[in-house]
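dropping the sequence and predicted coords here.
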Amino acid sequence: MSYLRIARAATGSLAWRLTHRMAATLFTQNIIACIWDFDKTLIPDYMQSPVFRRYGVDETAFWTETNALVENYRRRGYTLASEIAYLNHLLTYVLTGRMRGLNNEILRACGAEIRFYPGLPGFFGASKAWAADKPEYRRHDIRLEHYIVSTGLAKMIHGSAIATHVDGIWGCEFIENPLQPGFLHQKELELNAPAEIAQIGMVIDNTTKTRALFEINKGTNKNPAIDVNAKVAAEDRRIPFQNMIYIADGPSDIPCFSVVKGNGGRAYGVYNPARQAEFEQNDRLRQVGRIDHYGPADYTSGSSTTQWLRLQVHEVCDRIVRDREAAVAQRTARPPRHLSSAPKDEAARKAHKAPEQSAFLE
């Protein structure tokens, strides 16, 4: 009989565990993300300028050639994706000796020469404090993260002054000294050749930027076990789109503007105050509903751009607090109360009842 009681107790314990498993979401969704384009959003021009200066390459000529590649290759019977044209052309400059020896280390070193718009990179650190401006924000441990998603060169961004201020960087990558045929059967590879970029390793274009958005949304960038293509319930995603603000300079970012804004997030356009055409371009984007607002690429403390972004971060923080406190109220039961007061308590309550007021002015 004792064995039977033990078996029943064990079975009952197992049944309790099976029916009382802790229901938990993957993430607490108390994080806000500002996601940034790079060229002409955080810097006035293109990031590759220091590379061209280093090798004495005419920057205007390079971009003019790059813009003509697709059509010229088409005439020769080739199809070239415009998104990789500039990457291929850089490799051609290396192959022909115009940029001999260009490697990832040099790209990183050139990144240190990048000059940013006013207020950067300090803005990134200062803005993270916005998520702790109110006691209720701190009580819910709300945080602000910054990400850069660029069609430029990741190594240059990693070498720039802003790299240590952001939580993640997406950009194009090059491979040096490609592995040769038969490398799987070699015990040890000899790399006697000097490091030099030779192949494209990663391409980020204006459409695949949206993949980065979903990686941030689902938490793939923090937990590689979560595949970006996996189906993840809305409540299990690390940063909901409604917690995102996407900041960029123009029409090339429409796919990202659409994904973020269409899913409840915010979209903000920036322009160079010295260029009227960029202002007009942003105004058109706002008129057609692509962005919520726009302002100058000025990230100093008193600028309209800084003020707008602070306002949006606070509004998202307020919504997170409301949602989390409503969830607590929904999922917790009120404690039991007495149905009626004791006679002595009721007498005391009546004795201390405030006098009635017959008129407002009495």
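Looks like it arrived, so ask away. These numbers were taken from a predicted model, which means no experiment stands behind them.

rest of the way, CA atoms for contacts and neighbours
Noted.

give me the contact list for stretch 131-143.
30, 31, 32, 128, 144, 313, 314, 317, 318, 321 (CA atoms under 8 Å, 6 or more residues apart in numbering).

next: stretch 221-239.
25-33, 211, 214-220, 240.

gap between the two ends of it?
11 Å (CA to CA, to the nearest Å).

and that stretch, how far out from the chain's middle?
14 Å (CA atoms, centre = their mean, to the nearest Å).

circling back to that earlier point, now, of the contacts of stretch 221-239, which are buried?
28-33, 214-220, 240 (16 or more other CA atoms under 10 Å).

check contacts around residue 264.
By CA under 8 Å, 6+ apart, residue 264 lies in contact with 241, 242.

let's see 6 Å
residue 242 (CA atoms under 6 Å, 6 or more residues apart in numbering).

what mean pLDDT would you report for the host helix or strand of residue 71?
Assigned by DSSP states H and E, residue 71 belongs to helix 59-75. Per-region confidence: helix 59-75 scores 97 on mean pLDDT.

stretch 137-147 too?
The model assigns stretch 137-147 a mean pLDDT of 97.

start to end distance for that stretch?
Using CA to CA, the two ends of stretch 137-147 sit 21 Å apart.

that one: which residues count as buried?
137, 140, 142, 143, 144, 145, 146, 147.

what about residue 105, neighbour count?
14 (other CA atoms under 10 Å).

isn't there a helix covering it?
Yes - according to DSSP: H, G, I helix; E, B strand; the rest coil, residue 105 belongs to a helix.

gap between it and residue 115?
19 Å.

same check on residue 202?
25 Å.

the more surrounded of the two?
The neighbour count for residue 202 versus residue 115, taken as other CA under 10 Å, is higher for residue 115 (18 against 15).

and residue 187, what pLDDT?
pLDDT, read off for residue 187, is 71.

now do the contacts for the closest residue to residue 240 other than its chain neighbours.
Counting by CA to CA, 6 or more residues apart in numbering, residue 240 lies nearest to residue 217, which is 5.7 Å off, once chain neighbours are set aside. Going by CA under 6 Å, 6+ apart, residue 217 touches 237, 238, 239, 240.

let's see 7 Å
237, 238, 239, 240, 241 (CA atoms under 7 Å, 6 or more residues apart in numbering).

hang on, the earlier thing: and the helix holding residue 71, what other elements does it pack with?
Contacts defined by 3 or more CA pairs under 7 Å, 6 or more residues apart in numbering; DSSP states H and E place helix 59-75 against helix 85-95.

quick one: mean pLDDT over the helix it packs on.
97.

just checking, what packs against that helix?
With contacts defined as 3+ CA pairs under 7 Å, 6+ apart, the packing partners of helix 85-95 are helix 59-75.

for this protein, longest helix please?
For the chain, the longest helix by residue count, based on DSSP state H, is helix 304-331.

identify each buried residue in that one, please.
Buried residues in helix 304-331, counting neighbours by 16+ other CA under 10 Å, are found at 304, 305, 306, 309, 310, 312, 313, 314, 316, 317, 320, 321.

would you mind measuring from the second one to residue 149?
Just to be clear, that refers to residue 305. From residue 305 to residue 149 the distance is 19 Å (CA to CA).

and of the buried residues of stretch 137-147, the nearest to residue 76?
residue 147 (40.0 Å; CA to CA).

wait, is that closest one part of a strand?
Yes - counting by three-state DSSP, residue 147 falls inside a strand.

surely it touches residue 166?
Yes - with contacts counted by CA atoms under 7 Å, residue 147 reaches residue 166, the gap being 5.7 Å.

on the three-state scheme, residue 152 is what?
Classification of residue 152 by three-state DSSP places it in strand.

give the contact list for it.
Residue 152 makes contact with 171, 172, according to CA under 7 Å, 6+ apart.

quick one, helices of the stretch 101-250 of the chain?
Assigned by DSSP state H, counting those that start in this stretch, the stretch 101-250 of the chain shows helices spanning 104-111, 122-128, 135-139, 154-159, 209-218.

oh, that last question was meant for the stretch 251-362 of the chain, not what I typed.
Going by DSSP H, counting those that start in this stretch, the stretch 251-362 of the chain shows helices at 254-262, 276-287, 304-331, 343-351.

specify the beta-bridge partners of residue 247.
residue 36, residue 268 (DSSP bridges).

and it, what does it touch?
Counted by CA under 7 Å, 6+ apart, residue 247 has contacts 35, 36, 37, 267, 268, 269.

next: residue 42.
Going by CA under 7 Å, 6+ apart, residue 42 touches 116, 117.

rerun at 10 Å
The contact partners of residue 42, by CA atoms under 10 Å, 6 or more residues apart in numbering, come to 36, 115-121, 148, 162, 247-249, 270, 297-299.

ok, it to residue 248 distance?
9 Å.
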